[in-house]
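In: build me a structure from this.
(chains A and B)
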Amino acid sequence: MRVNKTNYLVNRTPTFEVLTEEEIEAIYYSALTVLSETGVRVYHKEGYDLLGQHGANIEDVTEDSALVKIPPEMVDIALSTLPRKVVIYGAEPDQHKMELYKNQIYFGAGSDTPFTIDPYTGERRRAQYEDVKNFARLAEALPNLDFHMSLGIVQDVAVGTYDRWQYLAMLEGTNKPINITAVDKEGLEDQLEMAYIRVGGKEEWLKTPIFSLYIEPVSPLSHSVEVIDKLMFCAEKRIPFVYTPCPLAGATAPATLAGTAVQALTESLLGIVLSQLVRKGAPMIIGGLMSAMDMRTAVYSYGSPEMALLSAAYTQITKWLGVPEYETAGCSDAKMYDEQAAMEATMNIASAALVGGNMIHDVGYLEQGLTSSGEMMVASDEIIDMVKRILKGIPVDDDSKALHVIEEVGPGGHYLAHDHTFERFKGLIWSPKLVDRQNFEEWEASGSKTHRERVHERVIEILEQEEEPLMEEGMFNELKRICELADEKHKDEELDLDMFG
Amino acid sequence: MSDILSDISTLVIEGNFEDMPDKTNAAVEEGLSAEEILNNGLMPGMDHVGVEFKAGNMFVPEVLRSAKAMQAAMSIIRPMLAETGTETKGTILLGTVAGDLHDIGKNLVGMMCEGAGFEIIDLGKDVEPETFVEAVKEHKPRILGMSALLTTTMRAMERTIKALDEAGVRDTVKIMIGGAPVTQSFADDIGADGYAPNAASASDMAKQFAA
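Out: Residues are numbered from 1 along each chain as shown, chains lettered A, B, ... in the order given. Okay, the predicted model is just below:
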């Protein structure tokens, strides 16, 4: 074959970068400086003792915590054993899996909103078991959502055991991979037991883990006792976990975004070092959840351009480090699914996808992460679909340049009936489901519906679909029994409160 | 109003804490009373800041800088106010409740209330009910403010109120609560006196309680 091309770069997908490699290195080495010189506070004796035994300086020991300063070589050692790829499976492992490594994108819901918007009444109220189950059913039905989280804190059950009920509700609704939350280590142990049952035993779990755990240290630079308990338990049991600080530029992190990235990375690095000391090869994913404080309302903004920018920067940093990443998109500060929600979700979904974040969560979040919405989830699914079309890019080769077709059709002809069009248009020319492209008369004839109305109808349509249960009754009862036993154990801790009054 | 009082108001509005001590001392030397400095210099400045903040013309870091300027003056005139027995706004006891390390909201409330003329005693984060009780007994605050970010830890607010009740000091303080998952109906349920959805309204509420 004759070769007449050289240095011809092929760009199959558009790329989006906000940092150069030099800037990434500058942020990383700054994080190492903060970790070794400023240090982080660890509220867990076993945790800081272990770090101390392996070379960390333990200072300012108080009744409940210590300041831990970790030298860079400990980070190097930890990174050498940290898995570069983490795989999380769905409850039926042959149906769904997420392979988290560089540039693999997966979208999923956010978790644990105190409130939700009732799909029928539009009312904002406290979330209940049925809501969490319904959100899981939406996730199961929506093709661009790859994993799921509990879009609501279940508040019609005991406060100390709601995590088990959330997991049960999600397992009722979806077979996709789940990123759980846990009240404490005991809640995690119970849910692990539930997962063993769901996947067919501990051996099966080890081959195909069907959940990861969300763990959130507190910014700035603090790692609470519950957080370290969960981290150490996960590492020991080889449970994949997400370690994501949520620094807020200008409030719990520097106002300058580079400083926020440095601090977030420092917080994640503590998780990396400690997890690898507990068990070499412990799988983890680092976050990815950063924004700027809105300086008028003092809220944690979930629709800010700074969040999109910081998420993109963090994705690049983690790709450079070779660590699977947790990202944030599909979320908004709007109070209901409206124009603002669509606008903010489009921006953050596009930037998260274009930069190549791995586990992109918080689809369905409204009101700074305090409320969940089925409309937001359904609409985001189509936004993701649209963005994925952009990701397919413009392949440039002889077939796609189509010189022979242009020659055949020639000046003044058309391509509509050409085989080249017939054989290729599907998948190349994106076709919407909820976005409206009818002409005016057709739109009027179909009821003059706004986008919001069409999205709402789709939510109701999915919720009212008849489905076969995802689990057999016997298994469901076995899982439910674990939740009930936990309730029984914690019943004396309950306060006499009606959360729905 | 004397020029120097209007200068003090301006320093508050500008958040100029560096020049505030000199200006305050100058006002004292001119023979102005601490009460006049507070009521006709500092407070009009902070009131202006409050109005501008609500209108969206000033932002949180600017308001905090104004509060800092106000504090720079207060540290000079507070002993004089005490000497003359002038009624001050009083003390607010603050803390993030047991089990919760999230304190940015509580810190913000503290700074805002300080700017409104209150004295703040901050117990920090992860504060056990017993610690609140002891502090109420010791400091005899006019107001107790509690904060929580998590639905699991917000229940500690009720435990704290119960503990105050059992210790017989519940009625000595007004209790206000806040935090992302907290609502007015939750505040009503647990027997708090008020719920503030943000730091500015916490400061307004504190002013009402102190009035």
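
In: excluding its backbone neighbours, what's nearest the residue in the stretch 1-150 of chain A that chain B sits nearest to?
Out: Nearest residue of the stretch 1-150 of chain A to chain B: residue A:114, at 4.1 Å (Cβ to the nearest Cβ). Where C-beta positions appear, they are placed from N, C-alpha and C, glycine not excepted. Leaving aside its chain neighbours, residue A:114 sits nearest to residue B:181 (4.1 Å; criterion: Cβ to Cβ, 6 or more residues apart in numbering or on different chains).

In: if we can go back for a sec, my read: the residue of the stretch 1-150 of chain A closest to chain B touches residue B:186, true?
Out: No: taking Cβ atoms under 8 Å as the definition, residue A:114 is not a contact partner of residue B:186, at 9.9 Å.

In: which SS class is residue B:87?
Out: Assigned by DSSP: H, G, I helix; E, B strand; the rest coil, the conformation of residue B:87 is coil.

In: give me the phi and psi for it.
Out: Main-chain torsions, residue B:87, degrees, to the nearest 10: phi -70, psi 120.

In: would you tell me which residues of chain B are close to chain A?
Out: Applying Cβ under 8 Å from any Cβ of the partner chain, one finds that chain B approaches chain A through B:53, B:56, B:59-61, B:101-102, B:104-105, B:108, B:126, B:151-152, B:155, B:158-159, B:180-181, B:185-186, B:189-190, B:198-199.

In: quick one: contacts of the strand or helix carrying residue A:76?
Out: In this structure, residue A:76 is located in helix A:72-81 according to DSSP states H and E. Residues outside helix A:72-81 that contact it (Cβ atoms under 8 Å, 6 or more residues apart in numbering or on different chains) are A:32, A:35-36, A:51, A:54-56, A:269, A:272-273, A:275-277, A:280-281, A:321-323.

In: which of those residues fall within helices?
Out: Of those, the ones assigned to helices by DSSP state H are A:32, A:51, A:269, A:272-273, A:275-277, A:321.

In: middle-most residue in the chain, spatially?
Out: Went with chain A since none was named. With distances taken as Cα atoms, centre = their mean, residue A:361 lies nearest the centre of chain A, 2.2 Å away.

In: my bad, the chain I had in mind was chain B
Out: residue B:113 (2.2 Å).

In: how about that one, what does it touch?
Out: Contacts of residue B:113 by Cβ under 8 Å, 6+ apart are B:92, B:120, B:145, B:202-203, B:206.

In: where in the chain is pLDDT low?
Out: Going with chain A. In the predicted model of chain A, residues A:1, A:494-501 satisfy pLDDT under 70.

In: looking at chain B here, not the other one
Out: The low-confidence ranges in chain B, as defined by pLDDT under 70, are B:1.

In: what is the neighbour count of residue 59?
Out: You didn't say which chain, so I picked chain A. Residue A:59 has 12 neighbouring residues, counting by other Cβ atoms under 10 Å in any protein chain shown.

In: that answer is for a different chain, and I need it for chain B
Out: Neighbours of residue B:59 using other Cβ under 10 Å come to 17.

In: and the ones in helices among the contacts of helix A:72-81 as JSON lines, adding neighbour count and distance to residue A:298?
Out: Below are these laid out as JSON lines (neighbours: other Cβ atoms under 10 Å in any protein chain shown; distance: Cβ to Cβ, whole Å):
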{"residue": "A:32", "neighbour count": "20", "distance to residue A:298": "32"}
{"residue": "A:51", "neighbour count": "24", "distance to residue A:298": "34"}
{"residue": "A:269", "neighbour count": "26", "distance to residue A:298": "28"}
{"residue": "A:272", "neighbour count": "22", "distance to residue A:298": "31"}
{"residue": "A:273", "neighbour count": "25", "distance to residue A:298": "33"}
{"residue": "A:275", "neighbour count": "24", "distance to residue A:298": "33"}
{"residue": "A:276", "neighbour count": "23", "distance to residue A:298": "37"}
{"residue": "A:277", "neighbour count": "22", "distance to residue A:298": "37"}
{"residue": "A:321", "neighbour count": "20", "distance to residue A:298": "32"}
